[in-house]
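# pasting the sequence and the predicted model now:
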Amino acid sequence: MKNLQEKKRKRGRGTEVQWLMHCFLDHRVQTTIAALLIGTIASISLLTPNCMAVKKDEEGFKLCVTLRHRVKDLSYQNLVDVPLNLPNNTQYLDISHNSIQRLNGASFFGLSQLCFLKATHCGLQDISPSVFNHTPALKYLNISYNKLSIIPDISLTKMKVLDLANNLFKSYQLPVSFQNLKNLDVLSLGSTTALSINYNDFDPLMNISLQHLALGAGIHWQKYDSGTLGKFKSLQKISIFASFCGSFNMFENLLQDLNVTGTTALRFISIFPHDCNVTDDIFKNLRTMPLIKNLTIENTWINSSFMEMLLKNVWLSSLHDISFVNITYNEDTPDGFQFHTINHTINVRSVTFDGVCHYQYRYPTINMSSEAISDLTYLKFSGTGMNILPCKLISALPSLDTLDLSDNLLKDSGFWWYTCSYTSVFPKLRRLSLSKNRFRSLSFISEKTHQMKTLESLDLSFNSIYLDGECSWPAQLIELSLGNNNLGNSVFKYLSPNFERIDLSKTGITAIMQEDLSQFPRLTHLQLSSNSIQVIPALLNAPALLSLYVDQNSIASISREVLVGLPRLQTLKAGNNPFICSCDLSWFLIALNKSLLPDWPLDYTCSAPPLYVGMSLSEYKISEVSCVMWLQAVIVLPVIIVISVSIGLLFYKYDGVWYAKMLWVWIRMKRRYKKQSKLLKNELFSYHAFISYSHQDSGWVDSQLVPSLEAANLSLCIHERDFVPGNWIIDNIINCVESSYKTLFVLSKHFIQSEWCNYELFFAQHRAISIQQDSLVFILLEPISSDCLPNKFLRLKSLLRQQTYLEWPKDERKQQVFWASLKSMLHKADKSIVLKDVALAISDTAPLITDQNELVHVP
């Protein structure tokens, strides 16, 4: 065995697998096909039952996670315990590949929303029962690849997937608490120290509708009690990861039990090691298992002699699908693989070879009746190293509908081998996958597809395709995948207008134009994922489009106009783009029907502005009102009106208008102070103010106005006191107005009726125009409407409309403001009045000086 392993290791160093087949027709026997498989050894690592772990994790992610920030990946963090500060809304927790030997309940306190828990490769030895008391929403639990010595008590009613594979418990006996797992769909159990399957091990699951059971850890079972698995009544799929070399009777008993359960899919992993000599026909029970439709053999060494027995039983059974995954094929018979005509109805319709390692150096020989495979509708040769398609073999299968040759070494000339002369090529083939090969010329491929008269779907993704010339596609081809080829923006010109489904994911496209899609009137599905598209243009013209994928691009927002030309759109996948959370995204967030988005809200987050980076778009709150101007106007305008009316009422009630007028007077006074100061430098006044009033208002003037102003050291000119006797009244009025800094008019109904008051107003106005623009001050002693003034007071009417006036308030508190404003205004003339007094004093003394000088000079 050791030498054999050494040979296999050395042969595993080969870098390629060459795959060549020659066809021979023997008319003496029923159309027998002999083929030579020529190859070197390709090293393929054998997978464990957890090769599906990634897929299961993805399913668990979709099952549990609603928002990205609720995912906590703490794997590979060198943790020795679960952190205590996990957010209470955590839905997904991965603590794999750490050194956590025990799960304590305290670490999971408050995690009532935890749905997914993965703790693999942690050296876990014990789990506190309180952990599951704090996590009632747990649906997915993966604690495989640990050191659990017993199967933990779990009674979570929402649990759907439970993985306990590759631990160290001694027995497969399930705790009684497992009978509470009413919603459990998938259960994986495996231990390298559990060597027996006992009759009552799975009794707690008898009343549970388990769909998939995976058993074993790759070791040889010493005991299996017949009837153990036969107790399951609703099991749909079972995976067995155990070796049965030398225990073929045990394997046959196992098959008999599975026939009772109604299982439709069987998966056997590593059932025979490379040194196992299988001589018994252990799969003969397949012939009497009418419910089994799918059989998968994984990670197993298969000799040609065993392959003959296996396929004979498969072809005589009710199986529809047979799959070989990551197998090593060894030819242990001198004539190779021999499989002649079977006089029996063949039910097999699908054959899969996904990962084949050829062990021998010499050419393996396959001699098989064409009738055995004539009814195949699905055939997959993936990861086999094929570089040449054999002439008139696969291409001649009369019923083949789907052919998958992905992940091989095929080139343009290898698939369309130049030595082959075709008379009938794939007569019924509808779907062809050439993904992950070495194809290059798109024009050459388009020309050759005309040979396939029924081809509808072609997959050329993950190749080295380049655009080398005009393409001519057959009319019946309606689906093309060119994903993961560097093609650029011009790729649309090389496609057929008959295409209904196009996949251009990760092809280097940076922009799409309206005319790019308008040339495909039948297009229903378009995938543009993983490109560098920044903008989806408005008014795209694709009336038949049902599905559009633009995820993982550089799109910052999606506008309403994008969907105008897509009236039938049912699916829009736009996640994992750098969305800018602003008003440009308001329609997408508020108005767009989210049922169109299959990846909402998980893959939609803000990338800007910095305040919202990482926030889920479903949590970013924005109202339509804040982004639509006319809506803002509709809402704000009534509010402004209401507020204005309210303020107006308050102003009216609390005399706000009066205070506003006084404030305006004060502001104007301050603004004009500098200008007035310059004028005052050239003017000399005798009085601060000349007061013009009706003698009928003298009571208020004598008792209120004059005492208050003169008490503030203001000099006032009053006609009753300061008019010069003997002068004409008009002269007195003119002199008083000109010698006063301001003229104060005390307005009342009596003022209007006074003829002399009208004269005083006339002269003061002319003086204001010629010398000082704002020398007039109006004090409204009582309310007077300017419209009610008689025609002779037209000047006053005009002034009242143009100038601000002071109103005499009845409220004592307001009177203080009134006096302060009036006094401050009049005190501006203090300096000019002082200069006037000085000038008068000088003029009085000048004659005395002159007289004295004359006396001195008398001869």
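Received, thanks. Numbers count the residues shown, from 1 in each chain.
# I641: neighbouring residues, count only.
By other Cβ atoms under 10 Å, the residues close to I641 number 10. Just so you know, the C-beta spots here come from the backbone N, C-alpha and C atoms, and that holds for glycine as well.
# now it: phi and psi?
Dihedral pair for I641: phi -60, psi -50, per degrees, to the nearest 10.
# begin at 208 from now on, thanks
All right, first residue 208 from here; so that's I848.
# now for it: which residues touch it?
Contacts for I848 (Cβ atoms under 8 Å, 6 or more residues apart in numbering) come out as none.
# confidence score at it?
On pLDDT, I848 comes in at 88.
# what does T1057 give?
For T1057, the pLDDT comes out at 41.
# ok, and the closest non-adjacent residue to I719?
I740 (6.2 Å; Cβ to Cβ, 6 or more residues apart in numbering).
# same check on A424?
G397 (3.7 Å).
# specify the local secondary structure of the residue nearest to I719.
State at I740, reduced to three classes by DSSP: H, G, I helix; E, B strand; the rest coil: coil.
# if we can go back for a sec, quick check on the residue nearest to A424: phi, psi?
Reported as degrees, to the nearest 10, the phi and psi values for G397 are phi -160, psi 140.
# correct me, but it touches W428?
No. Contact criterion Cβ atoms under 8 Å: G397 and W428 do not qualify, at 11.4 Å.
# more neighbours, these two?
Ranked by neighbour count (other Cβ under 10 Å), G397 and W428 place G397 first, with 25 against 19.
# for L711, give me phi and psi.
Per degrees, to the nearest 10, the backbone of L711 is at phi -120, psi 40.
# wait, it sits on N696?
No. Contact criterion Cβ under 8 Å: L711 and N696 do not qualify, at 10.2 Å.
# just say helix, strand or coil for V849.
Strictly by three-state DSSP, V849 counts as helix.
# for V843, see how far away it is.
V849 sits 11 Å away from V843, going by Cβ to Cβ, to the nearest Å.
# before we move on, back to that, L711 and N696: which is more packed in?
Neighbour totals were compared for L711 and N696, and L711 leads with 26 against 16 (other Cβ under 10 Å).
# show the pLDDT at that one.
pLDDT, L711: 97.
# how about the contacts made by it?
L689, G690, L694, V698, L733, Q734, L735, N738.
# out of these, which is most surrounded?
Neighbour-wise, those (other Cβ under 10 Å) top out at L689, 25 neighbours.
# and that residue, what does it touch?
L689 is in contact with L649, L667, S668, I672, V698, I709, D710, L711, T714, counting by Cβ under 8 Å, 6+ apart.
# go again using 6 Å as the cut-off
Applying Cβ atoms under 6 Å, 6 or more residues apart in numbering to L689 gives the contacts L667, L711.
# picking that back up, and the contacts of L711, which two are furthest apart?
L694 and L733 (14.6 Å; Cβ to Cβ).
# count of neighbours near the closest residue to S351 other than its chain neighbours?
Among residues not flanking S351 along the chain, A372 sits closest, at 4.2 Å (Cβ to Cβ, 6+ apart). Here the number of neighbours of A372 (other Cβ under 10 Å) works out to 26.
# by contact count, what packs against the stretch of helix or strand A372 belongs to?
A372 belongs to strand 368-374 when elements are defined using DSSP states H and E. In terms of contacts (3 or more Cβ pairs under 6 Å, 6 or more residues apart in numbering; DSSP states H and E), strand 368-374 is packed against strand 347-349, strand 393-398.
# and of those, who's closest to G434?
Checking those against G434 by Cβ to Cβ gives strand 393-398 as the closest, at 18.1 Å.
# tell me the gap between the closest one and the middle of its chain.
Relative to the centre of its chain, strand 393-398 is centred 36 Å away, using Cα atoms, centre = their mean, to the nearest Å.
# name the residues that touch it?
By Cβ under 6 Å, 6+ apart, strand 393-398 touches 368-376, 379, 419-424.
# give me the mean pLDDT for it.
95.
# can you classify the nearest residue to L1013 once chain neighbours are set aside by secondary structure?
Of all residues not flanking L1013 in the chain, I986 sits nearest, at 5.1 Å (Cβ to Cβ, 6+ apart). Three-state call for I986 (three-state DSSP): strand.
# ok, so of the contacts of L711, who is nearest I601?
Nearest to I601 among these: L689, at 23.5 Å, using Cβ to Cβ.
# look up phi and psi at the nearest residue to S335 once chain neighbours are set aside.
Closest residue to S335 apart from its sequence neighbours, by Cβ to Cβ, 6+ apart: G312 at 4.8 Å. The phi/psi pair for G312 (degrees, to the nearest 10) reads phi -60, psi -30.
# hang on, G312 packs against P336?
No. Using Cβ atoms under 6 Å, G312 is not in contact with P336; the gap is 7.7 Å.
# the two - which one has more neighbours?
G312 (15 against 12).
# for the more buried one, what are its contacts?
Counted by Cβ under 6 Å, 6+ apart, G312 has contacts S335, S337, V338, H341.
# run the last query once more with 7 Å
S335, S337, V338, N340, H341 (Cβ atoms under 7 Å, 6 or more residues apart in numbering).
# among those residues, which ones are in helices?
Taking DSSP state H, the ones among the contacts of G312 that sit in helices are S337, V338, N340.
# which of the residues you listed count as buried?
Buried members of those, scored by 16 or more other Cβ atoms under 10 Å, are V338.
# can you lay out the ones in helices among the contacts of G312 as a markdown table showing pLDDT and distance to S581?
Listed next are the ones in helices among the contacts of G312 as a markdown table, based on pLDDT from 0 to 100; distance: Cβ to Cβ, whole Å:
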| residue | pLDDT | distance to S581 |
| --- | --- | --- |
| S337 | 88 | 62 |
| V338 | 90 | 57 |
| N340 | 91 | 60 |
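# redo the ones in helices among the contacts of G312 as JSON lines? Include distance to N414.
Listed next are those as JSON lines, based on distance: Cβ to Cβ, whole Å:
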{"residue": "S337", "distance to N414": "27"}
{"residue": "V338", "distance to N414": "25"}
{"residue": "N340", "distance to N414": "24"}
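# which of the three states applies to C598?
Following three-state DSSP, we place C598 in the coil state.
# state the phi and psi torsions of it.
Here C598 shows phi and psi, under degrees, to the nearest 10, equal to phi -70, psi 140.
# swap in the one 4 residues further on?
When quoted as degrees, to the nearest 10, the phi and psi of S602 stand at phi -70, psi -10.
# distance of it relative to L363?
For S602, the distance to L363 - Cβ to Cβ - is 53 Å.
# cool, S947 as well?
Distance from S947 to L363, by Cβ to Cβ: 100 Å.
# settle it for me: which of these two has more neighbours?
Remark: of S947 and L363, S947 carries more neighbours, 26 against 21, as counted by other Cβ under 10 Å.
# residue contacts, that one?
Contacts of S947 (Cβ under 7 Å, 6+ apart): F892, Y894, A896, F897, C924.
# in the sheet, who's paired with the fourth one?
Each beta-bridge partner of F897 is listed here: C924, T950, as defined by DSSP bridges.
# buried set for stretch 352-365?
So stretch 352-365, judged by 16+ other Cβ under 10 Å, has buried residues Y352, N353, L355, I358, P359, I361, S362, L363.
# and the host helix or strand of W907, what does it pack onto?
Element membership for W907 (DSSP H and E) is helix 905-907. Using 3 or more Cβ pairs under 7 Å, 6 or more residues apart in numbering; DSSP states H and E, no helix or strand is in contact with helix 905-907.
# list the contacts of it.
L988.
# next helix or strand past that helix?
helix 913-917.
# give me the contacts around that following helix.
Here helix 913-917 has contacts from L923, I925, W1026, K1030, L1033, using Cβ under 7 Å, 6+ apart.
# V984 versus the last one, what's the distance?
What that stands for is L1033. 8 Å.
# mutual contacts of these two, please.
Common neighbours of L1033 and V984 (Cβ under 7 Å, 6+ apart) are K949.
# what pLDDT, on average, does stretch 304-321 get?
Here stretch 304-321 scores 93 as its mean pLDDT.
# go through it and flag the buried ones.
For stretch 304-321, burial by neighbour count (16+ other Cβ under 10 Å) applies to H304, N305, I307, R309, L310, N311, S314, F315, F316, L318, Q320, L321.
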